[in-house]
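Asks: Following is a predicted model, sequence given first.
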Amino acid sequence: METVTHLARPLYAAALFAVVALSACSAPASGSAPSASGPSTTAASSTAPTASASVASGPFGGYSSAAEACDAVSTQATGASLLPLSAAQGKTAELEQKKAELAETAQRVPEALKADFARLNEVALAGLSDQSVYSNGKFEAAMAPVTSWLSANCH
């Protein structure tokens with residue numbers, strides 16, 4: 001029973017973050033572009049999972065529109081919060097695919113979100129082997145700037 005309690009707390013936190021991420025981006029405002037609060041220079045990463053499609057090169061990063069960027073960021077942020085659930089189910093191939101999609105999104109997000117989303121990716125992956133990232137606030141801290149970006153840029 002102690003194992004169930006030990007797993008329930010991080011999974012509850014993951015579900016809470018999923019709800020927050022989904023509610024932050026229901027639909028982008030028409031004609032609005034993600035704000036560029038960071039530098040507008042673009043850097044291609046040598047670790048990009050795909051070729052030029054993953055490079056954040058425009059106002060929407062590697063996405064063709066604000067709607068596409070908002071949808072991808074919201075979906076992948078929610079997915080990051082649910083990685084421990086996928087791991088607990090023992091579906092290794094599915095987990096690996098979700099990790100690859102999260103890493104690809106980290107490469108494609110708009111420049112203003114790139115560092116924050118990379119940090120979320122890093123913390124979410126760390127949470128697979130150390131679930132204390134959910135109880136000690138690290139995941140919440142990594143998710144906060146992403147949900148703030150969603151709130152500011154996706155309506």
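Replies: Everything's here; your move. Residues are numbered from 1 along each chain as shown.
Asks: all contacts plus neighbour counts: C-alpha atoms, from now on.
Replies: OK.
Asks: Pull up the gap between Thr147 and Lys138, please.
Replies: In this structure, Thr147 and Lys138 are separated by 15 Å, where distance is defined by CA to CA, to the nearest Å.
Asks: Between those two, which is the more surrounded one?
Replies: With neighbours defined as other CA atoms under 10 Å, Thr147 and Lys138 compare such that Thr147 has more, 22 against 15.
Asks: how about the more buried one, phi and psi?
Replies: Per-residue torsions, Thr147: phi -70, psi -30 (degrees, to the nearest 10).
Asks: So for it, what pLDDT did the model give?
Replies: Predicted confidence (pLDDT) at Thr147: the value is 95.
Asks: likewise Thr42?
Replies: Model confidence at Thr42, given as pLDDT, is 35.
Asks: Which stretches in the chain count as helices?
Replies: 2-24, 66-81, 83-88, 92-108, 111-129, 132-135, 138-153 (DSSP state H).
Asks: give me the number of residues near Ser129?
Replies: Close neighbours of Ser129, defined as other CA under 10 Å, add up to 11.
Asks: OK, contacts around it?
Replies: Taking CA atoms under 8 Å, 6 or more residues apart in numbering as the contact definition, Ser129 lies against nothing.
Asks: gap between it and Pro145?
Replies: 23 Å.
Asks: Same question for Ala126.
Replies: From Ala126 across to Pro145, the span is 18 Å (CA to CA).
Asks: Also Glu68?
Replies: Here the criterion is CA to CA. By it, Glu68 lies 19 Å from Pro145.
Asks: do the same with Leu113
Replies: The spacing between Leu113 and Pro145, counted by CA to CA, is 8 Å.
Asks: higher neighbour count, the two?
Replies: Leu113 (22 against 17).
Asks: Pretty sure that one sits against Ala144.
Replies: No - at 11.6 Å, Leu113 and Ala144 do not qualify as touching, with contact defined as CA atoms under 8 Å.
Asks: so where's the protein shaky on pLDDT?
Replies: The model of the chain has pLDDT under 70 over residues 1-57.
Asks: again, only this time at 80
Replies: Counting by pLDDT under 80, the chain contains low-confidence ranges at 1-58.
Asks: Just list the residues touching Ala142, thanks.
Replies: When contacts are counted by CA under 8 Å, 6+ apart, Ala142 touches 116, 119-120, 123.
Asks: Many thanks, we can stop here.
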